[in-house]
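Asks: sharing a model that was predicted from the sequence below.
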Amino acid sequence: MSKSFSALGINGPLQQALTDLQISVPTDIQEKTIPVVLSQKEDLVVLAKTGTGKTAAFGLPLLQLIEEDNTNIQTLILAPTRELGQQIYNNLVSFATTSPTISIASLLGGIPIKPQIERLKTTTHIVIATPGRLVDLINRESINLSDLKYFVLDEADEMVSALKQDVDAIIKHIPKSRRTLLFTATMPGTIKQLAQNYMSKNVVHIEADMDTVGHQGIDHQYLVVEPIEKLEVLLHFLNTKEGERGIIFCKTKAAVNKLAKKLAINKFSSGAIHGSLAQTIRDRIMGQFREGHIDILVATDLAARGIDVKEISYVVNYHLPDTYDTYVHRSGRTARAGAKGLSLSIIQKEEVEEMPEFENELGITFNEYVKADSKSIEENNGLLWARKIFKAKPNRTVSEEFKTKIKTIFHHLTKEELVDKILANYLAETCSANSKAEASKKNKKSNH
């Protein structure tokens, strides 16, 4: 039986804020973490997968521990990306609605720094920051962290790989007497090294119940394709998921851009995010995705951190990730808040032997997704062609005289007859194109 937030030690004002947010039952990681943060003094390492309620696990007790009469920064929360930082900031602000004297600031990259410098001239109790922007503010001597009591590293496994230099620089500028809370979805050697270097010897370790969270509700499947058919197979899959929201992961920014263009050409409701896009564009696309204006997000791994959308029904690994940790973060974007979800990896024959390794390392089971047959693929291509015609904008430069001549040709046809003839023409052209492609293949083989 789950405890109440009251039993965990959360005070009345915060309980009221949670009630207003319709949050009544703590998650496993909140039950384990909140009392330790409130009643103990040791550093903390928390191993918890995405979607387990980590933000409230550290956010609620740290809000309660703020000394409101002390106008200095007492808590620093580091996040690897602006998207995750913004999510944490929004959550903490919503938790603190009944504690109006607590002041929270977000210092995130990708937006102008001057308003942030001005903000820091006023009372600030809690700061949520991305490492790069915080280092910039430290170098400008625009932030005072000398009274810092709590230091939180969220999704630390991402920061110790891509942002280690900035994290090291920040740790040198904060008091050694602070208490460090480290949250991570995986425990690579770099995290263990970080804990050894920068945390006290008596570290409390907490782990979420991995039987009830993490991979629960996720159906892990893989689909074996030839390189030449990969895009067609993906498009067929996406057509079966019309109206549902999903994320497609690619390894590189170039691959994200290329695939996003293919989806746009085929009139899928989609957008793309990666690290090289301007922050305003990333924010706009993320907003469209969160609000349901677009159904599909094509993303690199780091850009997708901080996507907390409950209704993501599937994740596609268009490229198999390089590490098991990355697979955990990708698949964890679906099946959030008790929902079900699909994590589909589209792989080539030589990658099949890697699947048992993922299973053993992560304690999951992969099932093979049944690939659509050639007839279904061909029919799907026809549907995509029809959708392009339906969504095509009329050409306003065509003269009325020419348009009238075209109309005259089709004048006596019914709608059904016109569709039949257009479809017959499409199939004939497709058949001809396929025949030419086959002939070209044969010629190349015979020349070799």
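Replies: That came through fine.

Asks: Lys176 versus the closest residue in space to Asn72 that isn't next to it in sequence, what's the distance?
Replies: Spatial nearest neighbour of Asn72, excluding adjacent residues (CB to CB, 6 or more residues apart in numbering): Asp147 at 3.8 Å. For glycine as for every other residue, the C-beta is placed from the backbone atoms N, C-alpha and C. Distance, Asp147 to Lys176, using CB to CB, to the nearest Å: 13 Å.

Asks: more neighbours, those two?
Replies: For Asp147 versus Lys176, neighbours defined as other CB atoms under 10 Å are more numerous around Asp147 (13 against 8).

Asks: isn't there a helix covering the more buried one?
Replies: No. Under the criterion used here (DSSP: H, G, I helix; E, B strand; the rest coil), Asp147 is coil, not part of a helix.

Asks: tell me how many other residues crowd the residue nearest to Leu107 when sequence neighbours are not counted.
Replies: In this structure, Leu107 finds its nearest non-sequential neighbour in Ala129, 4.1 Å apart by CB to CB, 6+ apart. Number of residues near Ala129 (other CB under 10 Å) recorded here: 26.

Asks: ditto for Ile73
Replies: Quick note: Ile73 (other CB under 10 Å) scores 22 neighbours.

Asks: that one contacts Ile128, doesn't it?
Replies: No. In this structure, Ile73 is not within contact of Ile128 by CB atoms under 8 Å, at 11.1 Å.

Asks: what about the strand or helix carrying Thr326, average pLDDT?
Replies: When secondary structure is defined by DSSP states H and E, Thr326 falls within helix 324-331. Average pLDDT, helix 324-331: 82.

Asks: relative to the whole chain's centre, how far out is the next helix-or-strand element following it?
Replies: The helix or strand immediately downstream of helix 324-331 is strand 341-347, counting by DSSP H and E. Distance of strand 341-347 from the chain centroid (CA atoms, centre = their mean, to the nearest Å) equals 15 Å.

Asks: repeat that for stretch 176-183.
Replies: Centroid separation between stretch 176-183 and its chain, computed with CA atoms, centre = their mean, is 26 Å.

Asks: then stretch 37-44?
Replies: 30 Å.

Asks: and if you look at stretch 120-137?
Replies: With CA atoms, centre = their mean, you get 24 Å for stretch 120-137.

Asks: buried set for that stretch?
Replies: Using 16 or more other CB atoms under 10 Å as the test for burial, stretch 120-137 gives 120, 124-131, 133-137.

Asks: start and end of that stretch, how far apart?
Replies: 10 Å (CA to CA, to the nearest Å).

Asks: which one is Arg140 nearest to, not counting chain neighbours?
Replies: Spatial nearest neighbour of Arg140, excluding adjacent residues (CB to CB, 6+ apart): Ile117 at 7.2 Å.

Asks: so how many other residues sit close to the one you found?
Replies: So Ile117, with other CB under 10 Å, has 15 neighbours.

Asks: now do Lys3
Replies: Lys3: 14 neighbours (other CB under 10 Å).

Asks: likewise Gly271?
Replies: 22.

Asks: isn't there a helix covering it?
Replies: No. According to three-state DSSP, Gly271 belongs to no helix; its state is strand.

Asks: ok, the closest residue to it other than its chain neighbours to Ser200 distance?
Replies: Closest residue in space to Gly271, ignoring its immediate chain neighbours: Ile285 at 4.0 Å, by CB to CB, 6+ apart. Distance, Ile285 to Ser200, by CB to CB: 42 Å.

Asks: of those two, which one has the most company?
Replies: Legend: neighbour count by other CB under 10 Å for Ile285 and Ser200, higher for Ile285 (22 against 13).

Asks: kindly state the pLDDT recorded for that one?
Replies: What the model reports as pLDDT for Ile285 is 90.

Asks: that one: what secondary structure?
Replies: helix.

Asks: got it, and Ile248?
Replies: Ile248 ends up strand, using three-state DSSP.

Asks: what of Leu181?
Replies: At Leu181 the chain is in strand, as set by three-state DSSP.

Asks: could you say which helix or strand holds the residue nearest to Arg140?
Replies: helix 114-119.

Asks: following that helix, which helix or strand comes up?
Replies: With DSSP H and E, the next secondary element past helix 114-119 is strand 126-129.
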